[in-house]
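[1] model the structure of this input:
(chains A and B, ligands or ions: 1)
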Amino acid sequence: MSDLISISSTALYIAFILYLIATFFFGATIRDKNKSGTADDGNKSKAATIGITITIIGFLSQVVYFITRWIASGHAPVSNMFEFVTSFGMAMVLAFIILYYMYRLAVLGLFALPIAMIVIAYASMFPKDIAPLVPSLQSHWLYIHVTTVSLGNAILALSFVTALIYLVRQVDQKRRSKENMWLEFIMFLLVTTVGFVLITSTFNVMKYEAVFEYPQGENVLVSKYHLPAIAGPNDGELLTTGKFEPLFEAPAWMQGADAGRKFNTVIWSVLVGSILYGIIRLALRKRIGNAIQPLLHKASPDLLDEITYRAVAIGFPVFTLGGLIFAAIWAQIAWDRFWGWDPKEVWALITWFFYAAFLHLRLSRGWHGKRSAWLAVGGFAIIMFNIIVVNLVLAGLHSYA
Amino acid sequence: MKKIKCECGHINPEGTVLCEACGKPVEENQHIEGNDKKKLLNMRYDGSARRSLTYNRSIVDKTWAFFSSVKVGIWLIVIALIASALGSIYPQEMYIPAEAPSRDPAIFYEAQYGILGKIYYQLGFHNLYSSWWYMLIIALIGVSLVICSLDRFVPLHRALKMQSPKRHKNFLSRQRLFSETVDGTDEDKQRVVESLKLQKYRVTEKDGNYLAEKGRFSRWGPYVNHIGLIIILFAALLRMTPFMFLDDYVWVREGEQTIIPGTDGEYLIENKKFTIEHYDESDERFRDALMNRDDQVVKNYQSDVIIYKVNEETGGELEKFIEDEIRMNEPLKFDGYTLYQAGYQQNEFTNMSFKLYETEDANEAAIDTFTVDLTNPEEEYELENGMTVSIEQYYPDYYLENGEPRSETNYPRNPAFVFLVHEEGEEKPEVSFAGIGKNIDPTGENKYKLGLADFTMHNVSGLTVRKDYTLPFFIVGAAIFMIGVIQGMYWQHRRIWIQQDNGTILLAAHTNKNWYGVKKDIEKAIVDTKVNMVVDQQELEDEAEAEASEEKN
Ligand code: HEM
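    Numbering: from 1, shown residues only, chains lettered A, B, ... in the order given. You can find the predicted model right below:
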C-alpha cells in the first residue's frame, strides 16, 4: 500500500520535472525563423516536437500518479484541496495538448506549462494525506462531476493563457498605462504564487510548527502555524515555546477556523512575492511584460485571439455539463435537492453567466482583440476565486467551526 | 409593406441589408449593421431584415426591440451575475450554522459581521435568491430569451434557405477571406470544387458559380440551447406550485411505525434500526489523515426501514411494501416518492423504570417499580400496596434556566419528572423530582423516594420525503441545452464561394467561428492549382488601424 503511494508521489514529481524540461524546448522555438509562430507553417520545428513529446510523457506520468493514488485510497483522488487542484493542473496540461494539436502553436507551451506547474506546485502545499470519504462524498458522481469540472475549467483557463500571450504581445509597453499596469499585476500574482510555494516548502523542510490557542464564539480552538506568525490569531495565545511571537493579530472580522493562519500565509506570500518580483525587476530593468514582449513578435495576434475564443467555445459546454448538470444530479442524490444556493454552486453559476456573457459579446463587433483578452483574464479570476477563495475562505465562514 | 428590388432582380423585404439572392449591399440600409463605416460586411443572418431593427414605432415595437437586443440580454446576464455574487458574501439564512449563538437572522448578521452584516440583513440579502427582484431578473432573462429567439428565427431561416451560389462581386470582395486569381483556369476552379467535396462540403452550382457549404445545422445551436433554457425556467416556475412538488420531513424512532407525511396516509414507515459507522483508525490507508484529527470520521449513516402500504380494499390493512436500507447517496425510491437520509438523533430514551423505596431504608429495597414510556407517558401508575404515582410535570429534554426547570425540545433526550406519590389514606401527596442522576426531595420531609432503576434507549432517523414531478422537465431542458451548445460550438457553418469573372477566379469564405479551420480547408483545396490563397482582410484592417494609431501618437 505505502509502495503505491510512494510510486504515486514519485510519478507526480517526474511529471513536474518533465513539464519544466518541455517548457525549455518550447522556449527554444522562439528563435525559429518561421513567421506565423505555428510550427506546421514552413519547416516543422524540431524543438516544438520534442517539447510536446516530453509534455505527453509528463502527462502520462501524471496519469500514473492519478491511478496509483486511486488504487491506494480506494477512491478517485479528487476529494481534497491537494487532489482537486492537482487534477486541475493535470487537466490544464491535457487541454494544452489538445489545443496544441489543433493549432500547433509552440508559444502556447511556453506559457501554459509554467502556469500548470504553478497550479500543481500550489496544490502540493496542501496536506497530502489520503483521507477517508465522508458519507456525502461516497458516490461515483464525485469523480464524474469533479473530473468534468476540472477539464472544463482547464480549457477555459487556456483561454486565459492565450489571452495573456495576446496582451503581452499587444499592449503598448513604451509608456506606463493602465493596461500594462494591470498586465504587470497579473505577472506579480504569478510571482507571488511562486513565492508562496517557496516559503511554504522552506518551512516545511524545517518542520516549523507553532501552536496557537484562540477563542471562537464560546469555544477555544487551536491553530497550527507552519510559517512563523507575523499575524497571530485574533486574541490568540502562543502555546509552543521557543517560537516567534506574532508581530500583530489578525483583525477580529476575519471569521472562521484558522482565519489568522490563512491571513498570515497571505502576508508571507505577498512579502516573498514582492521580494522575488523586486529581484526580477532589478535584473530585467523593465516590466516583466516588457521583457517578454519582443519574444512574441512572431505569434499572430489574430490567431491568439481566435484560440482564446475557441477555448471558451470548447470549454463552455464541458463546464456546463460538469459544473452545473452533473453537480445538480449529484446534489439531488446526496442532499435531496439539485440546487441549494451554497457558495460553491453560486460561484459555478457566476462562472457560467460570465462565459455566457463573453460568448454573446463576441457576437458583436468591437469585442475582439484586447477587450476579449481582458474578459478571458476576468473569467480565469472567477475560476480561481471559486477554487481557492470559496474553498478556503467562504466555505470556512459557513463551516464556522 | 415597402419592398426593395435588387439589380439582380430579387425582391427583398423592407429592412434587408444584403440582397437575399446575390448579397449585394442594399444602399440605403447599410447603417443598420454598421457596414457603412467598414470595409468588411457584417454577416449576421446574412443581412436579412429583422423585425427589431426594422420597425420602431409603437410601444410593442419598442418593447420587442428592447428585449431582442443582445446588448440588453448581456446586461441582464451581468446583473444576474453581480446579484448572485452579492448573495455569497455572507451565508444565506438557511446556511446560518447550527452552532451559532443565535440563529435569528435579526441578531446573527449583526453579531457576526457588525454593521455590514446588519445592512446585509436589512437589505434582505440573507434571502437574496428567493427575493422578488432576483426572480424578476431571472424572469426578464427568460422573456429576453423568448423574444430574441423569435426575432431571429425567421431571418435566420430565410438566410439559410436562400443560399445562392451566385453572388455580387461587391459581396465577395467584402468578405473577411477573399482572393482574386487573374489567370485562373476553369480546370483550377473544378479542382478546388472537387477537393472541397472530398472535405465533406456540400456544393451547389449556378451558371458556373459555386458555393461549398458545411455545418449549416450548427447555426440552429443557439436556438436549441435557448429552448432548453426556457424549459428549465418553466420547470422552475412549475416547482413553485404545490401539486408538482412535495417537500416534507419525518422523524422516525427505531421500532416506531409512522405515516409518511405527504402521502395522504397511504404509506407508513417503520424504522428497524439506525446506524452510524466510523472509519477504523487502524486502517493503514487513512492512518496519517486520521491521526491528525481529534474527532472520528463518519463512514456511513444508515436507516433500515420497512415501508407499508395501506390496503384500501381490505379496509385499511397494512401490507409490507418494501424493506430496504437508506444511506446518504443511496435514497429509497418508491411510487414517485423518494426518501433521503437527512438527519439523525442518537440515544434518545425509550423507557425509564423507577423504583419506589422508603427514605429510611439504607438498602433502598424497592417497594415496587413502574416503567414510563417516554414518548407516551401515562398520567398515573398504580403500585402493589395501593400506592399510586402520578406525573405532575414531564420535561423530555430537561435543563435549568434561571433556576426554573424547562424542556429544551420535545424529544426525550434528557427526561426529568415531577412525580406525586400518593399513599393510601393520606390527604396530601408527596412531591418528588427525578431524572438522570437526580433524585430530589424538595421538602426534605418525604417518606418515600423515587430512584431510576433502569432505562432503554433508541436512535431516531430524520428522513426527507420528496415527490418532484418537475424533475423530468429540468432533465429534458438540460439535455436540450447541452445538445444546443454542442451543436453550436463544436460545429461551424463554413461557406466558400468560388466564382469566375472573365478569367479571374474570385474565392471568398465566411464562417461563424473558427476561421483558422476554414483557412486550412482552403489551403488544402487550392493545392496544385494556380488559385491564390485567400487573404485575411481582418488582419489587414487590424494592421491598418495599428499603423494609423501609431502615426497619431
Ligand atoms: C444565461 C442565459 C443564456 C445562455 C447560457 C445563452 C447561451 C447562448 C449560447 C451558448 C449561444 C451561442 C453563442 C455562439 O455560438 O457563440 C447563444 C447565442 C445567442 N444568444 Fe444566448 N444565452 C443566454 C441568454 C440570452 C439572452 C437573454 C439573449 C437575449 C438577447 C440571448 C441572445 C442570443 C443570441 C441573439 C444569440 C446568437 C444567435 C445566433 O447566432 O443566431 N441569449 N446564447
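[2] in the stretch 151-300 of chain A, which spans are strands?
    For the stretch 151-300 of chain A, the strands identified by DSSP state E, counting those that start in this stretch occupy A:210-216, A:219-225, A:231-232, A:237-238, A:248-249, in order along the chain.
[3] could you provide those in a markdown table, with additional columns for mean neighbour count?
    Heads up, the C-betas are built off the backbone N, CA and C, glycines and all. What follows is the strands of the stretch 151-300 of chain A, written out as a markdown table (neighbours: other CB atoms under 10 Å in any protein chain shown):
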| stretch | mean neighbour count |
| --- | --- |
| strand A:210-216 | 18 |
| strand A:219-225 | 16 |
| strand A:231-232 | 24 |
| strand A:237-238 | 15 |
| strand A:248-249 | 14 |
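[4] so which of those is nearest chain B?
    Ranking these by proximity to chain B (CB to the nearest CB) places strand A:219-225 first, at 8.5 Å.
[5] for that closest one, name the packing helices and strands.
    With contacts defined as 3 or more CB pairs under 8 Å, 6 or more residues apart in numbering or on different chains; DSSP states H and E, strand A:219-225 has these neighbours: strand A:210-216, helix A:259-284.
[6] off-centre distance for that strand?
    Computed by CA atoms, centre = their mean, to the nearest Å, the chain-centroid distance of strand A:219-225 equals 28 Å.
[7] ok, the residue in the stretch 201-350 of chain A that chain B sits nearest to - contacts?
    Per CB to the nearest CB, A:Asp336 is where the stretch 201-350 of chain A lies closest to chain B, at 4.0 Å. Contact partners of A:Asp336, counting by CB atoms under 8 Å, 6 or more residues apart in numbering or on different chains, are B:Pro331, B:Thr338, B:Tyr340, B:Ala342, B:Thr464, B:Arg466.
[8] just to revisit the earlier point, make TSV from the helices and strands packed on strand A:219-225 and add mean pLDDT and distance to B:Ile483 to it.
    Below are those laid out as TSV (pLDDT from 0 to 100; distance: least, CB to CB, whole Å):
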stretch	mean pLDDT	distance to B:Ile483
strand A:210-216	82	49
helix A:259-284	91	43
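[9] quick one, what contacts B:Lys272?
    B:Glu254, B:Gly255, B:Asp304, B:Val305, B:Ile306.
[10] again, 10 Å this time
    B:Lys272 makes contact with B:Val252, B:Glu254, B:Gly255, B:Ser303, B:Asp304, B:Val305, B:Ile306, B:Glu323, B:Glu325, B:Ser461 under the criterion CB atoms under 10 Å, 6 or more residues apart in numbering or on different chains.
[11] restricted to helices, list these.
    Among these, none falls in helices (DSSP state H).
[12] who wins for neighbours among the residues you listed?
    Neighbour counts for these, by other CB atoms under 10 Å in any protein chain shown, peak at B:Ser461, which reaches 28 neighbours.
[13] please report how far the residue lying closest to that one once chain neighbours are set aside lies from B:Trp251.
    Spatial nearest neighbour of B:Ser461, chain neighbours left out: B:Ser303 (4.0 Å); criterion: CB to CB, 6 or more residues apart in numbering or on different chains. B:Ser303 sits 11 Å away from B:Trp251, taking CB to CB, to the nearest Å as the criterion.
[14] intersection of neighbour lists for those two?
    The contact sets of B:Ser303 and B:Trp251 overlap at B:Asn271, B:Tyr344, B:Val460, B:Ser461, B:Gly462, B:Leu463 (CB under 10 Å, 6+ apart).
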